[in-house]
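**Student:** The following block contains a protein sequence and its predicted model.
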Amino acid sequence: MKYIVTGGAGFIGSNLVDKLIESNHEVIIIDDLSLGKKRNINKKAQFHKLNIASFDPTKKWVNLDEIGKLFEGVEGATRTFTMLREKE
């Protein structure tokens, strides 16, 4: 199966990606590397540096066809996230 994992360069997401790849699934990672690390990205996964949390389809630089192509044939999608607490 083909999966998309957003946040796939973070600790939780990268471990999930590794398990999916070990199970012979195709994996696409979408991450903006704001919290994740490039070193966490599995080399067998397809990586796209993109922030979809603040995605604005009205921007002229956004190619919706390209983004849509990422999701073609995807049977599973998962989102990993980190909640940050402001320091007092």
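**Tutor:** That came in fine, so what should we check first?
**Student:** For the lengthiest helix in the chain, give the mean pLDDT please.
**Tutor:** The residue-count maximum for a helix in the chain (DSSP state H) belongs to helix 11-22. Helix 11-22 shows a mean pLDDT of 94.
**Student:** name the helices or strands packed onto it?
**Tutor:** Applying 3 or more Cβ pairs under 8 Å, 6 or more residues apart in numbering; DSSP states H and E, we find helix 11-22 packed against strand 2-6, strand 26-31. Using the backbone N, CA and C atoms, a C-beta is placed for each residue, glycine as well.
**Student:** what would these look like in a markdown table with distance to Lys49, mean neighbour count and mean pLDDT?
**Tutor:** Formatted as a markdown table, those follow (distance: least, Cβ to Cβ, whole Å; neighbours: other Cβ atoms under 10 Å; pLDDT from 0 to 100):
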| stretch | distance to Lys49 | mean neighbour count | mean pLDDT |
| --- | --- | --- | --- |
| strand 2-6 | 12 | 21 | 89 |
| strand 26-31 | 7 | 22 | 92 |
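**Student:** okay if I get those strands as TSV plus distance to Lys38?
**Tutor:** Putting the helices and strands packed on helix 11-22 into TSV (distance: least, Cβ to Cβ, whole Å) gives the following:
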stretch	distance to Lys38
strand 2-6	15
strand 26-31	9
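**Student:** just so I know, which of those lies nearest Asn51?
**Tutor:** strand 26-31 (8.5 Å; Cβ to Cβ).
**Student:** The very next helix or strand once past that closest one pairs with which strands, parallel or anti?
**Tutor:** Toward the C-terminal end, the helix or strand that comes next after strand 26-31 (DSSP states H and E) is strand 46-49. When sheet partners are counted by DSSP bridges, strand 46-49 sits next to strand 26-31 (parallel).
**Student:** what angle do the partner strand and strand 2-6 make?
**Tutor:** For strand 26-31 against strand 2-6, the angle by axes from the mean of the first three to the mean of the last three Cα atoms, to 10 degrees is 20 degrees.
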